[in-house]
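S.K.: only the shape, not the letters, is given here:
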């Protein structure tokens, strides 16, 4: 993770939402671009109105990239959103709750008095109980507005690799969003040093506008077996390969469609 400039605030310990107390948390607000936590994301959340309980009709969408360190229980996040009915009035992790159920606020995604504007970035240290809920998939990200005080867009926090695997092969927008969210941090860790964070190339070929990416099987084989100047990545799992392949085929101005685990299976 790159060095960042940080400002610290303390979130109040006595806040109560939906009957659930919010314990004191030290939130560190980062003043950097949203690539920083995404580069180390272990979890993601795809935010949409249809995920609210009850569902909300909105053009709002969003994505959360979350990095969790089980050794320290430190969680870091970047949350981007747009298209809401109005200004965001609050943004939180909620839990514990499964999809289809509501829960109170666990941690605010913004420091007290800070603007609720995209992108939101920060860190906090979870309690042991919170960490157990988080890793069990019982937390969700929720963005609130005046028109939808209970939440306008929401997304369950899931492991990045699981998001890629669960996308399954359905060619819909949710599958694409999950694969792209999982693929970005994997690309940053494994490919960005050579191909550039924006696909601009360097030691590797320029991926932005690269027509050869249209051949999904060739992309998969290149990742698995490498090439003349590119190393092989046999350590990557099938879901990880599907996520990276989808990301490079649809980031940087490209639009070549998703790659699924089923597409990877015949090659790896």
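M.R.: All right, it came through fine. No experiment lies behind these values; they were computed from the predicted model shown.

S.K.: make it CA atoms for all contacts and neighbour counts henceforth
M.R.: Noted.

S.K.: student question: in the chain, what's the helix or strand with minimum average pLDDT?
M.R.: strand 6-11 (a mean of 21; mean pLDDT, DSSP states H and E).

S.K.: where along the protein do the strands fall?
M.R.: 6-11, 16-17, 20-21, 25-30, 43-48, 61-69, 74-82, 88-94, 105-108, 120-125, 140-145, 153-156, 158-159 (DSSP state E).

S.K.: any chance of those in a markdown table, with distance to residue 232 and mean neighbour count too?
M.R.: Output for these, formatted as a markdown table (distance: least, C-alpha to C-alpha, whole Å; neighbours: other C-alpha atoms under 10 Å):
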| stretch | distance to residue 232 | mean neighbour count |
| --- | --- | --- |
| strand 6-11 | 37 | 14 |
| strand 16-17 | 50 | 13 |
| strand 20-21 | 49 | 14 |
| strand 25-30 | 35 | 21 |
| strand 43-48 | 25 | 26 |
| strand 61-69 | 26 | 23 |
| strand 74-82 | 30 | 21 |
| strand 88-94 | 38 | 21 |
| strand 105-108 | 41 | 23 |
| strand 120-125 | 34 | 22 |
| strand 140-145 | 36 | 26 |
| strand 153-156 | 33 | 28 |
| strand 158-159 | 25 | 22 |
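
S.K.: these: which one's closest to residue 193?
M.R.: Of all the strands of the chain, strand 61-69 sits nearest to residue 193, with 20.0 Å by C-alpha to C-alpha.

S.K.: now do the closest one, average pLDDT.
M.R.: Strand 61-69 carries an average pLDDT of 85.

S.K.: can you list the strands that it pairs with?
M.R.: Using DSSP bridges, strand 61-69 pairs in its sheet with strand 43-48 (antiparallel), strand 74-82 (antiparallel).

S.K.: off-centre distance for it?
M.R.: Relative to its chain's centre, strand 61-69 lies at 3 Å (C-alpha atoms, centre = their mean, to the nearest Å).

S.K.: run the angle between it and strand 120-125 for me.
M.R.: 30 degrees (axes from the mean of the first three to the mean of the last three C-alpha atoms, to 10 degrees).

S.K.: remind me which residues of the stretch 1-150 of the chain are low pLDDT?
M.R.: 1-40 (pLDDT under 70).

S.K.: switch the cut-off to 80
M.R.: Where the stretch 1-150 of the chain drops to pLDDT under 80, the residues are 1-41, 46.

S.K.: bridged to residue 43, which residues?
M.R.: residue 66, residue 159.

S.K.: quick one on the thing from earlier: between the strands paired with strand 61-69, which one is closest to residue 235.
M.R.: Nearest of those (C-alpha to C-alpha): strand 43-48, 19.7 Å.

S.K.: re earlier: can you put the strands paired with strand 61-69 in CSV and add distance to residue 243?
M.R.: Formatted as CSV, those follow (distance: least, C-alpha to C-alpha, whole Å):
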stretch, distance to residue 243
strand 43-48, 13
strand 74-82, 19
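
S.K.: ok, which of these comes nearest residue 159?
M.R.: The nearest among the strands paired with strand 61-69, by C-alpha to C-alpha, is strand 43-48 at 4.2 Å.

S.K.: gap between the closest one and the chain center?
M.R.: 6 Å.

S.K.: for stretch 248-266, same thing?
M.R.: On C-alpha atoms, centre = their mean, the centre of stretch 248-266 falls 18 Å from the chain's centre.

S.K.: tell me the mean pLDDT for that stretch?
M.R.: Rounded mean pLDDT across stretch 248-266 is 87.

S.K.: please apply the same query to stretch 217-224.
M.R.: 88.

S.K.: with distance to residue 183 added, can I get the strands of the chain in TSV?
M.R.: What follows is these, written out as TSV (distance: least, C-alpha to C-alpha, whole Å):
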stretch	distance to residue 183
strand 6-11	27
strand 16-17	34
strand 20-21	34
strand 25-30	23
strand 43-48	10
strand 61-69	11
strand 74-82	15
strand 88-94	23
strand 105-108	26
strand 120-125	20
strand 140-145	20
strand 153-156	18
strand 158-159	12
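
S.K.: residue 227: neighbour count?
M.R.: 11 (other C-alpha atoms under 10 Å).
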